[in-house]
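Novice: give me a 3D structure for the following:
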Amino acid sequence: MSQDDPSTTGAAAPAAGFSTSRLEAFSDGVFAIAITLLVLDLNVPEPDSLDGQSLTSALAHQWPAYFAYLVSFLVIGIIWINHHAMCALARRVDRRTLFANLFLLLTVSVIPFPTRLLAAYLTAPHGDAETAAAIYALTMVAMGIAFTLLFLAFTRDARTLHTPVSPEAKRAAIRRFGFGGLCYLATVGLAYVSPVAMLATHAVLAVYYCFDQLAPVRTAR
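Specialist: The predicted structure follows:
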């Protein structure tokens, strides 16, 4: 057996892969752009479009846009916070992690589209509101799956972490992600019952993710 074999020397093999700095910098740029694009859907009523109603009434009529904006802003903001916490676990990343991160960024960058769609159709008749709400919910399902896959990619190789994550701590974190993922999936059905309730549920889920979902991992470390 080779003298360089870590099993004979007792030392861990050096971590392969890439620095996390570029992954974080690129990701922060995508998060910043996505969260900024949300505000572009908040329209200022033009004076000649009021049709006799007051500005207060015109602004109040746009409540679906404000509601969708606030929820999606909170969602992207919480994703960014948890993404930052996840990156703090690792000192190196491999290609698998980079691709998993790209998948997460794909889902984040598309959030402004279903947000705008839902803002426009939240109170629409003929099933249009339900369709828009289902598209929004499905986007969040994809985002939840992407975040879980990224966590698994980050913690797959103990050599890339600052401190190895125990199997128990990893399972505890996955259970937390899994609970949120099931709730995201349930909102797809809720979208066809009440689009407004679906959006409110996503606000509650965003608050749920405000709590540190990686706490079991950090406690174990």
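Novice: buried ones in the helix ranked longest in the chain, by neighbour count?
Specialist: Taking DSSP state H as the criterion, the chain has its longest helix at helix 128-155. Counting neighbours by 16 or more other CB atoms under 10 Å, one finds that the buried residues in helix 128-155 are 129-155. For glycine as for every other residue, the C-beta is placed from the backbone atoms N, C-alpha and C.
Novice: repeat that for stretch 171-180.
Specialist: Applying a neighbour-count criterion of 16+ other CB under 10 Å, the buried positions in stretch 171-180 are Ala172, Ala173, Ile174, Arg176, Phe177, Gly180.
Novice: just the ones in helices from these, please.
Specialist: Going by DSSP H, the helices hold Ala172, Ala173, Ile174, Arg176, Phe177, Gly180 from the buried residues of stretch 171-180.
Novice: for those residues, which one is nearest His61?
Specialist: Distance to His61, by CB to CB, is smallest for Gly180 among those, at 33.1 Å.
Novice: and the angle for whichever helix or strand Phe99 is part of with helix 128-155?
Specialist: Per DSSP states H and E: Phe99 is located in helix 95-110. Angle of helix 95-110 versus helix 128-155, following axes from the mean of the first three to the mean of the last three CA atoms, to 10 degrees, is 160 degrees.
Novice: now do the contacts for the closest residue to Ala146 other than its chain neighbours.
Specialist: For Ala146, ignoring the flanking residues on the chain, the nearest one in space by CB to CB, 6 or more residues apart in numbering is Leu104 at 4.1 Å. Residues near Leu104 by CB atoms under 8 Å, 6 or more residues apart in numbering: Ser27, Ile79, His83, Met143, Ala146, Phe147, Leu149, Leu150.
Novice: my read: Asp128 touches Ala120, true?
Specialist: No. Because the distance of 9.0 Å does not satisfy CB atoms under 8 Å, Asp128 is recorded as not touching Ala120.
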